[in-house]
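*Asks:* When you get a sec, could you give me coordinates for this:
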Amino acid sequence: MINIQNLNNKNFKKYGIIIGIKDKNKIFDVICKEKEKVGWRIGYLIFKPQKVKVLEAHPYSMETFEPVKGTSIIIVAEKEKPHILKAFLLDKPVCLYKGIWHAIIALSDTIEIKITENAEVKSIYNKLKKPLEIGLY
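*Replies:* The predicted structure is shown next:
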């Protein structure tokens, strides 16, 4: 069983950054920055509830997940430990570090999430031993 945690900087720091201004005296803050000169793209995910059978990772790209509509969970695991899964309520936008294993689970009938990542993304996959399903019962 995976416990769903609330997102905060302390418990999410292994996986990425919660997007938001850290210094409340600023009106603009750069949260994530790609050091290499690469293009980027914005995607829009519309998703319905289903079991997670595979985790995905992008070794050369950070990736944002910015909730727009609905309630969802983000499943993450460290690069070297894809079998140790953590679940977070995706109620704030996040930026995952390169190589972090991840999947999304919809709790609402439909969820919508804005995604930003490098223009060219290499994906690798890790099939789970058994499908993962999280729901409210």
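*Asks:* hang on, Asn9 packs against Ile18?
*Replies:* Yes: under the criterion of CB atoms under 8 Å, Asn9 makes contact with Ile18 at 5.9 Å. All C-beta atoms are positioned from the backbone trio N, CA, C, and that covers glycine.
*Asks:* More neighbours: which of the two?
*Replies:* Set Asn9 next to Ile18 and count neighbours by other CB atoms under 10 Å: Ile18 wins out with 16 against 10.
*Asks:* ranges for the strands of the protein?
*Replies:* 4-6, 16-18, 40-47, 52-57, 63-69, 72-77, 86-89, 94-96, 101-106, 111-118, 124-132 (DSSP state E).
*Asks:* What lies in contact with the last one?
*Replies:* Spelled out, that is strand 124-132. With CB atoms under 8 Å, 6 or more residues apart in numbering as the test, strand 124-132 has contacts from 2, 51-59, 75, 82, 85, 101, 103, 105.
*Asks:* at 10 Å what do you get?
*Replies:* Outside strand 124-132, the residues within contact range by CB atoms under 10 Å, 6 or more residues apart in numbering are 2, 50-59, 73, 75, 77, 82-83, 85, 87, 99, 101, 103, 105.
*Asks:* strands paired with it, and their directions?
*Replies:* Strand pairing for strand 124-132, using DSSP bridges, gives strand 52-57 (antiparallel).
*Asks:* Low-confidence stretches in this structure?
*Replies:* Along the chain, segments meeting pLDDT under 70 span 1, 135-137.
*Asks:* quick one on the thing from earlier: just the buried ones from the contacts of strand 124-132?
*Replies:* Burial by neighbour count, 16 or more other CB atoms under 10 Å: within those this picks out 52, 55-58, 73, 75, 77, 82, 85, 87, 101, 103, 105.
*Asks:* Now flag whichever of those residues is closest to Ile46.
*Replies:* Closest approach to Ile46 among the buried ones among the contacts of strand 124-132 (CB to CB): Ile105, at 14.3 Å.
*Asks:* Spatially, what comes nearest to the closest one if we skip its sequence neighbours?
*Replies:* Nearest residue to Ile105, sequence neighbours excluded (CB to CB, 6 or more residues apart in numbering): Ile73, at 4.4 Å.
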